[in-house]
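1. sequence and predicted model, in that order:
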Amino acid sequence: MPELVFFSGTMDCGKSTLALQIGHNRSARGLQGVIFTRDDRAGEGKLSSRLGLVTEAVEATEGMDLYAYLVDQLSKGGRADYVIVDEAQFLAPVQIDQLARIVDDLGLDVFSFGITTDFRTKLFPGSQRLMELADRIEQLQVEALCWCGARATHNARTVDGHMVVEGEQVVVGDVNRPAEKVGYEVLCRRHHRRRMTSSVAQAGVLSPDVLPVTPA
Ligand SMILES: Nc1ncnc2c1ncn2[C@@H]1O[C@H](COP(=O)(O)OP(=O)(O)O)[C@@H](O)[C@H]1O
Ligand SMILES: Cc1cn([C@H]2C[C@H](O)[C@@H](COP(=O)(O)O)O2)c(=O)[nH]c1=O
């Protein structure tokens, strides 16, 4: 039975890498996929992984009907054996419904990849719809780690190394950015709640306030 699968995790846990691997293994067996992405850091119409691999993809723009795109490709004699969707959190809920229709009416597997929650721990509307509709939700096995060593479960947005909690839901960016830039850092829930990023923790260690007091 074809399935709508949602591979989810924090930023930087290997979702795009897995998307590329799934595509590679299928194309090695002669299957042909349609790859959608939206707002990848590498630019329009790209699916890129931090391991350095990148492939061409169809940019799923705002308002684009993904089901109609597939029907159009097939009716023009094109071939599609499966569908991959990266950065699925950025899709509108109606586009997730279109992915479900691709599975049910066209009989294709759809493998979607995305983060569930934003920097304020709120679900992205696209991810919420995927959680509502997916046949299967898979957590990536290679967990990203918080600076403390615990499993990272949340995405923090940082400015100058400090976690911010206000701003637009969508700001394309990356982890490990120079401190002065807007960036992201994955944290465990405890440190996300305390807004304790790695640089804040590091500053705490260096602060005279927390240096051990030598008994007189
Ligand atoms: N130099 C490296 N050597 C080995 N693995 C790396 C290296 N750089 C990144 N990675 C792996 O790539 C993962 C990020 O992959 P990516 O597919 O870009 O993540 P996502 O799409 O979930 O944000 C990291 O968690 C790490 O496991
Ligand atoms: C938490 C959060 C992230 N984003 C953006 C930042 C990146 O461009 C993508 C996630 O990409 P990845 O391949 O999973 O690393 O999402 C955002 O726009 N808003 C947020 O709150």
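-> Alright, I've got the coordinates. Ligands and ions are numbered 1, 2, ... in the order given.

2. please count neighbours and contacts with C-alpha atoms only from this point.
-> Noted.

3. where along this protein do the strands fall?
-> Secondary structure of the chain (DSSP state E): strands at 4-8, 33-37, 46-48, 54-56, 58-59, 82-85, 109-114, 136-139, 154-159, 162-164, 182-187.

4. flag every buried residue along the lowest-mean-pLDDT helix or strand in the chain.
-> Lowest on mean pLDDT, DSSP states H and E among the helices and strands of the chain sits helix 198-206, with a mean of 83. Going by neighbour count (16 or more other C-alpha atoms under 10 Å), the buried part of helix 198-206 is residue 198.

5. pLDDT score assigned to residue 79?
-> Residue 79 is assigned 97 on the pLDDT scale.

6. so which bits of the protein are right by ligand 1?
-> 11, 12, 13, 14, 15, 16, 17, 49, 50, 51, 144 (C-alpha under 6 Å from any ligand atom).

7. mind redoing it with 8 Å?
-> Within reach of ligand 1 by C-alpha under 8 Å from any ligand atom, the chain has these residues: 9-19, 48-52, 113-115, 142-144.

8. name the nearest residue to residue 136, ignoring sequence neighbours.
-> Excluding its sequence neighbours, the residue lying closest to residue 136 (C-alpha to C-alpha, 6 or more residues apart in numbering) is residue 5, at 4.9 Å.

9. turn the strands of the chain into a markdown table, columns for mean pLDDT and distance to residue 24.
-> As requested, the strands of the chain are exported to a markdown table (pLDDT from 0 to 100; distance: least, C-alpha to C-alpha, whole Å):
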| stretch | mean pLDDT | distance to residue 24 |
| --- | --- | --- |
| strand 4-8 | 98 | 17 |
| strand 33-37 | 98 | 10 |
| strand 46-48 | 98 | 13 |
| strand 54-56 | 98 | 10 |
| strand 58-59 | 98 | 17 |
| strand 82-85 | 98 | 11 |
| strand 109-114 | 98 | 13 |
| strand 136-139 | 97 | 19 |
| strand 154-159 | 97 | 28 |
| strand 162-164 | 96 | 37 |
| strand 182-187 | 96 | 28 |
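
10. could you dump these into CSV and include mean neighbour count?
-> Formatted as CSV, these follow (neighbours: other C-alpha atoms under 10 Å):
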stretch, mean neighbour count
strand 4-8, 24
strand 33-37, 22
strand 46-48, 24
strand 54-56, 14
strand 58-59, 18
strand 82-85, 22
strand 109-114, 25
strand 136-139, 14
strand 154-159, 24
strand 162-164, 20
strand 182-187, 25
